[in-house]
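S.K.: curious how this folds, go ahead:
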Amino acid sequence: MTGRWVLVVKRDTKGNFLKCKARWVLRGFQDKQKDAQQTDSPTAIRPGFRLVCQLAASRLWHLGHIDLKTAFLQGEEYDMERHVICQLPPDVGVPQGTVAQLIRPAYGLND
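M.R.: Predicted coordinates:
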């Protein structure tokens with residue numbers, strides 16, 4: 001699977017340059033195993049959520065929540081049975097057409 005660079009220029013409120021951020025993003029639509037991956041995020045439906053809230057209120061439980069926007073990138077486990085081969089960017093100093101097997105998740109993949 002190939003990829004591309006994504007460059008983001010950060011500016012302050014006055015439009016002055018602060019910094020640049022770049023990342024290599026894989027083209028996930030080229031993933032041969034994309035249809036076998038779980039891409040949904042199971043959540044409760046509205047009646048289920050209200051039922052849990054009512055149960056917590058009646059039993060005096062404390063409720064909390066957490067938002068995990070980029071948690072998958074910091075995940076410690078990666079399915080080593082999943083073989084994702086990506087072509088390295090040409091400007092990293094390796095010969096043209098050099099590929100690598102991922103051992104951690106990357107931007108652009110479904111999972």
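
S.K.: isn't Ala22 right up against Val9?
M.R.: No: between Ala22 and Val9 there is no contact under Cβ atoms under 8 Å: 9.9 Å. No exception for glycine: its C-beta is placed from N, CA and C like everyone else's.

S.K.: residue ranges with poor pLDDT in the chain?
M.R.: Applying pLDDT under 70 to the chain flags the ranges 37-41, 66-80, 110-111.

S.K.: against the centre of it, work out the most remote residue.
M.R.: Ser58 (37.5 Å; Cα atoms, centre = their mean).

S.K.: for it, what are its contacts?
M.R.: Not one residue lies near Ser58 by Cβ atoms under 8 Å, 6 or more residues apart in numbering.

S.K.: quickly note the distance from Ala44 to Gln33.
M.R.: From Ala44 across to Gln33, the span is 29 Å (Cβ to Cβ, to the nearest Å).

S.K.: tell me where the protein has strands.
M.R.: Along the chain, the stretches classed as strands by DSSP state E are 3-11, 17-26, 85-87, 99-101.

S.K.: can you count the residues close to Asp31?
M.R.: 19 (other Cβ atoms under 10 Å).

S.K.: for it, give its distance to Val9.
M.R.: Counting by Cβ to Cβ, the gap between Asp31 and Val9 amounts to 29 Å.

S.K.: over to Tyr107?
M.R.: 18 Å.

S.K.: so the two - more neighbours on which side?
M.R.: Taking other Cβ under 10 Å, Tyr107 and Val9 do not tie; Tyr107 has more neighbours (14 against 10).

S.K.: touching, the more buried one and Trp5? I think so.
M.R.: No: judged on Cβ under 8 Å, Tyr107 makes no contact with Trp5 at a distance of 10.9 Å.

S.K.: what sits in contact with each of the two?
M.R.: Common neighbours of Tyr107 and Trp5 (Cβ under 8 Å, 6+ apart) are 23-25.

S.K.: from Thr13, how far out is Ile103?
M.R.: Ile103 sits 40 Å away from Thr13, going by Cβ to Cβ.

S.K.: show me the contacts for the closest residue to Asp31 other than its chain neighbours.
M.R.: Nearest non-adjacent residue to Asp31, counting by Cβ to Cβ, 6 or more residues apart in numbering: Met1, 6.0 Å away. By Cβ under 8 Å, 6+ apart, the residues touching Met1 are 26-28, 30-31, 84-87.
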